[in-house]
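Asker: Okay, predicted coordinates and the sequence, questions at the end:
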Amino acid sequence: MSASLGKHLISIEDLGRAGIERILDRAESFVEVAGREIKKVPALRGRTVVNLFYEASTRTSSSFELAAKRLSADVVSVRSAGSSIDKGESLKDTVQTLSAYDPAAIVIRSPHVGAAQLVAGWTPASVINAGDGKHEHPTQALLDVFTLRRRIGDLEGTNIWIVGDVLHSRVARSNILALKRMGASVTVCGPPTLIPREIEALGCEATATLDRLHEADVVYVLRMQRERMHESYVPSLREYAQRYQITASRLRPGQLLMHPGPVNRGIELSADAIDSPQALIGDQVKAGVAVRMAVLYELLVGSPVLAAVA
Amino acid sequence: MRSRASEASGLFSRPQVPAELLIAGGHVLDPREEIDEPCDILIREGHIAELGPPGSLPDPPDGGERLDATGKHVFPGFVDPHVHLRTPGQEYKEDIESGTAAAAAGGFCAVVAMPNTVPAVDDAAVLRSLTDTARSAARVPVGFLASITRRLEGAELTEMAELRDAGALGFTDDGKPVVSAGMLRKALQYQRLAGGVVALHEEDPALSGEGVMHEGAVSARLGLAGIPSVSESTMVARDGALAVYEDGRVHLQHVSCMESLTAIERLKAAGASVSAEVCPHHLTLTDDIVRTLDSRFKMNPPLRSERDRSALVDGLRRGLVDCVATDHAPHARHEKEVPFEQAPMGTTGLETAFAALFTELVMPGEIELATVVERMSAGAALFDLPTPRIARGEPANICLVDLSAKWEVGARGYASRSDNCCFHGRTLHGRVVLTLAGGATAFRAPLLAEVGALAR
């Protein structure tokens, strides 16, 4: 199977298993770079990466920025507040304006499904989806798979539960696709109001209770946004926490715990679970920079041997 | 110049020269007249003067034209009971002239325009300005619906009786449902005074929510908010019950799902005065194509599942669904070139309706050609308009179609001002080459103009 990547990373569907593994292997080599005193390689020297963020973001935007800088790229970060986006410029016009600076890549975060794909049609640059509405967040899924692979090796046959607000979660969608590609089986669990109808079509199981949680090797917990309560998706955060909060006592020994951040302590996760040695949450954050360096590298530099980088 | 006789039936168009024409040797198919054979049609002063076997009729005298239609099909002109001509207020999307040019290019000899304009057609003054515009700009006769409620807000009835006197064929808040059952009930009571059909866009906004596509496996995959089928079917059932209770006459617009058909079947069996239309895109496409995230596939009601699509075809075949309507909904390019969730709902459809149904349904054998031809004009009677007939003495409302012609949608642009056609880029079979509307030539394919000139 070919491990070659396309020009863009819009969806996990753009990657086969071999493509995912290629990015993860590359990320391993960048972890080594992060351990150096001078955490920089010259791979993208003289090239420009534009970060175009239409939504608030801490982890994703800072790790993309760091990743590009550690590859020696020139980085321009545009946020909607205070830019011409604020003045009503259309996405198309903004992208065409930024494309005039001849960037090698545009990293886009948008509250709207399909924004990254549209951008790819309007610019000669490579486009990386840093989250498009509730659709996908492929680099999050890649760093999650990377984190898991470092801890348990091959994911073939592992049983992974994704717990919480699947309906509104791009992280869940990209993770279901990525984990399935790596051979894991996936179960989504949450209140029926927050599990999309026909989600099984993605190849996962769906359940409304934690009764069989002990079957999971990995428990991946999603962020529960407070505003969902006002939209009557759940009657109260109290009832949600009673039924779905992952606590240290609900975890079986040996199960691993993940969360994409930021965590609502005391809602989807209890403090004792977050602080338990079973939690990989800190590892996920750390993996973010190396994996995003690998994505930029693979899309923009491609096949040359790693010796050239290291 | 043609008289304004058709205004009596509620259709308005610019003055036209009555056709003098012999359509020679075309295969005439008019299921209502039980004609399905090669036939000559002589048109004098815009009316069908003679029908006869090929070669039996003389050329029209002085100034008349003989058109060789050998190998082509002659159908009664199509009638579209559901188009958006965007006038007044949004002429950058479409206007009466461009919209009726699109209609003519699609073989339509009459269209019915929706009132959700800016401002809405909710009083007689707006309607009179529209009928005046149509008298100078409409290439095919246009009828108008007025809104049921003022500003389509669902709160106060329009002056339905005065609007009828000013020419409204009926009423609709299309684009929006009449949310309040009490308000619709009053409209149906008042219909006994005002007359005219009440046409309904069936959707429960509480169930549609922020939905932008059909709720199902594809919306689950894409993370797009879904519009469930029950958003439509529960309102069909509710409004059908009101129509039965008030003995009202309602027409259900753009039905899109199996559950609605089940409700309609029950209503018709109970003797309700209910009719229904279905759009070519709902008959030929499913939500699967929304995976492309191309905003041309965003419309309301949304493209639904294959199960729904095949139920709609079956409903059309059986006559449970009475007619085809395009819901031609033009939008400017800059409005559609945005992420799917932000794009406005709607596809154009006048120029592709017949070819899409012929290519996607008739050619694979899902439905008979004669059924499609009948349903393409069956909307006329539902809105009290004369049904086009290929019979002696009838006004010439005819389209001539080359079923063997293949064409790429949009490759030569559109007659419509907008290009948001869900069939854009597809290769379709069946091309309209001539449209006679209200007795006059409304459209003629450029190629045919040359052929006609030679034959003359």
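Answerer: That came through fine. Predicted model, so just to flag it, every value in this text is computed and none were measured.
Asker: so who does the closest residue in space to residue B:413 that isn't next to it in sequence touch?
Answerer: Nearest residue to residue B:413, sequence neighbours excluded (Cβ to Cβ, 6 or more residues apart in numbering or on different chains): residue B:419, at 7.7 Å. The way it works is simple: take the backbone N, C-alpha and C, and place the C-beta from them, glycine included. Shown in contact with residue B:419 (Cβ atoms under 8 Å, 6 or more residues apart in numbering or on different chains): B:333, B:348, B:410, B:413.
Asker: Wait, a strand at residue B:413?
Answerer: No - in this structure, residue B:413 is coil, not part of a strand, as judged by DSSP: H, G, I helix; E, B strand; the rest coil.
Asker: rewinding a little: are we agreed that the residue nearest to residue B:413 is in a helix?
Answerer: No - the assignment for residue B:419 (three-state DSSP) gives coil, which keeps it out of a helix.
Asker: For the stretch 251-400 of chain B, which segments count as helices?
Answerer: Using DSSP state H, counting those that start in this stretch, the helices of the stretch 251-400 of chain B run over residues B:258-269, B:280-284, B:306-318, B:333-336, B:353-357, B:369-375, B:379-382.
Asker: Which helix or strand in the chain has the lowest average pLDDT?
Answerer: I went with chain A, as the question did not name one. helix A:227-230 (a mean of 72; mean pLDDT, DSSP states H and E).
Asker: I was after chain B.
Answerer: Between all helices and strands in chain B, the lowest mean by mean pLDDT, DSSP H and E belongs to helix B:446-455, at a mean of 50.
Asker: circling back: of the contacts of residue B:419, which is the nearest to chain A?
Answerer: The nearest member of the contacts of residue B:419 to chain A, counting by Cβ to the nearest Cβ, is residue B:333 at 10.2 Å.
Asker: For the stretch 151-300 of chain A, what lies in contact range of chain B?
Answerer: Residues of the stretch 151-300 of chain A lying close to chain B (Cβ under 8 Å from any Cβ of the partner chain) are A:168-170, A:173, A:196-199, A:201-202.
Asker: let's see it at 6 Å
Answerer: A:170, A:173, A:196-199, A:201-202 (Cβ under 6 Å from any Cβ of the partner chain).
Asker: which residue ranges form the helices in the stretch 151-300 of chain A?
Answerer: Listed in chain order, the helices of the stretch 151-300 of chain A (DSSP H, counting those that start in this stretch) span A:170-181, A:227-230, A:237-244, A:271-274, A:281-300.
Asker: and those, which is most packed in?
Answerer: Of all the helices of the stretch 151-300 of chain A, helix A:170-181 has the most neighbours on average by mean count of other Cβ atoms under 10 Å in any protein chain shown, namely a mean of 25.
Asker: I'd like to know which elements that one is packed against.
Answerer: helix A:138-152 (3 or more Cβ pairs under 6 Å, 6 or more residues apart in numbering or on different chains; DSSP states H and E).
Asker: ok, residues contacting stretch B:210-222?
Answerer: A:113, A:135, A:196-199, A:201-202, B:224-228, B:287, B:290, B:302, B:304-305, B:341 (Cβ atoms under 6 Å, 6 or more residues apart in numbering or on different chains).
Asker: just checking, residue B:372 touches residue B:357?
Answerer: Yes - using Cβ atoms under 6 Å, residue B:372 is in contact with residue B:357, at 5.1 Å.
Asker: Okay, now the unreliable bits of chain A?
Answerer: For chain A, the stretches with pLDDT under 70 are A:1-4, A:82, A:86, A:303-310.
Asker: Residue most distant from the centroid, the chain?
Answerer: By default, I'm working from chain A. For chain A, the largest distance from the centre (Cα atoms, centre = their mean) belongs to residue A:87, which lies 29.6 Å off.
Asker: wait, chain B
Answerer: Relative to the C-alpha centroid of chain B, counting by Cα atoms, centre = their mean, residue B:62 is the outermost residue, at 36.3 Å.
Asker: Can you name the residue of the stretch 1-150 of chain B nearest chain A?
Answerer: For the stretch 1-150 of chain B, Cβ to the nearest Cβ, closest residue to chain A: residue B:92, 15.8 Å.
Asker: and that residue, how many neighbours does it have?
Answerer: Number of residues near residue B:92 (other Cβ atoms under 10 Å in any protein chain shown) recorded here: 14.
Asker: And for residue A:277?
Answerer: By other Cβ under 10 Å, the residues close to residue A:277 number 7.
Asker: Next, it: phi, psi?
Answerer: phi -70, psi -10 (degrees, to the nearest 10).
Asker: ok, it to residue A:251 distance?
Answerer: 11 Å (Cβ to Cβ, to the nearest Å).
Asker: next one: residue A:141
Answerer: Relative to residue A:251, and taking Cβ to Cβ, residue A:141 is found at 22 Å.
Asker: Specify which residue of those two has the higher count of neighbours.
Answerer: Set residue A:141 next to residue A:251 and count neighbours by other Cβ under 10 Å: residue A:141 wins out with 28 against 21.
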